[in-house]
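what follows is a predicted structure for the sequence shown.
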Amino acid sequence: MPSPVELVQAIYPASMRPSLAIYLGRIMPAPLVNRLLSSLSPEVRQSLERKLVSVPLPIRTPIYEPGREPKYSYFITSGIASVVTEMDEGSVVEVGLLGREAVPGSLLMLGAQQGGNRCFMQVGGTGLRIGFSDLVQEFRRSPEVHARILQQVQYEAFTLTQLSACNRLHEVEERLARWILMVSDRISDDVLPITHEFLGQMLGTRRSTVSMSAAVLQRAGFIEYQYGQIRILDRPLLESAACQCYPMMKRLHSDLYADAVSLV
Ligand SMILES: [Zn+2]
């Protein structure tokens, strides 16, 4: 049975798909550009764009699975993909958070080893799809693509180490504030379409603990929380409530591809 995404791809031409994406889940409005692609020179970008197909990426779309080479890679143009580590007993924690600055799975392009992480769309959006083997070929062939992917690998590695320490050392409330700000930065919106269940998974904690922490931030007037939606009411106050990882993550995010001339 084809998925909703496959159905749309089969029925509609590529040019119509982004507008149809809104019917397929929680889709965030955002410019349909990817910062990694935009950082490439026009010649390299155009040769890559010939292999790209515009696709909707509804919430929960799998991007890659543990221990398996993915069929496709996606240059995200809106929405958020979460990289999570899952334990045997079912507990999950987020170790990476990627938006339109990235093509998730850069670590998988470096060699044949398969990791234990899973990546999926946590905020629905859109992307430009390319065959995984086609992208690996470009990574090996083009020095420019190679350099940008390696920059993303470095970004992902720094994110991983920071979030691992954060998950172990910082309190749920400050991690929640950090997380809300990180997602908001990546979708360029102060309203986040997120449920308690997801929040618990991302922060590796019980749903009830997340609910209590969200209630504290709401009572303080930093955020407004309704089922399935968080709205930032006071960003400076929320930043003051976040752990020290937030400014670090913000700097990493803004410095990514900083040497490129054609960034959006
Ligand atoms: Zn932290």
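Noted; the coordinates are in hand.

from now on I want contacts and neighbour counts done on CA atoms only, so please keep to that.
Will do.

in what helix or strand does the residue of the stretch 101-250 of the chain found nearest the ion lie?
When scored by C-alpha to the ion, the stretch 101-250 of the chain has residue 166 as its residue closest to the ion, at 3.7 Å. Using DSSP states H and E, residue 166 falls within helix 143-169.

what sits against the residue of the stretch 101-250 of the chain closest to the ion?
Applying C-alpha atoms under 8 Å, 6 or more residues apart in numbering, we find residue 166 in contact with 175, 245.

what about the helix holding residue 166, distance to the chain center?
From the chain centre to the centre of helix 143-169 is a distance of 13 Å (C-alpha atoms, centre = their mean, to the nearest Å).

again, but for stretch 139-158
In this view, stretch 139-158 has its centroid 17 Å away from the chain centroid, taken as C-alpha atoms, centre = their mean.

and if you look at stretch 43-55?
20 Å.

same check on stretch 167-177?
Its chain's C-alpha centre and that of stretch 167-177 lie 19 Å apart, by C-alpha atoms, centre = their mean.

number the residues from 193 up from this point.
Fine by me, first position is 193 from now on; the one you just mentioned is stretch 359-369.

in that stretch, what counts as buried?
Neighbour counts using 16 or more other C-alpha atoms under 10 Å place 359, 362, 364, 365, 366, 367, 368, 369 of stretch 359-369 among the buried residues.

after the helix holding residue 358, next one along is what?
Per DSSP H and E, the first helix or strand lying C-terminal to helix 335-361 is helix 364-379.

ok, and does that following helix reach over to the ion?
No - for helix 364-379, no contact with the ion is found by C-alpha under 5 Å from the ion; the gap never falls below 5.5 Å.

so which elements touch that helix?
Judged by 3 or more C-alpha pairs under 8 Å, 6 or more residues apart in numbering; DSSP states H and E, helix 364-379 is in contact with strand 264-278, strand 383-384, helix 388-395, helix 399-411, helix 427-433, helix 437-447.

lowest average confidence across the ones you listed, which one?
In terms of average pLDDT, helix 388-395 trails the rest of those, at a mean of 79.

ok, back up a step: what's the most buried one of the helices and strands packed on helix 364-379?
Highest mean neighbour count among the helices and strands packed on helix 364-379 (mean count of other C-alpha atoms under 10 Å): strand 264-278, with a mean of 24.
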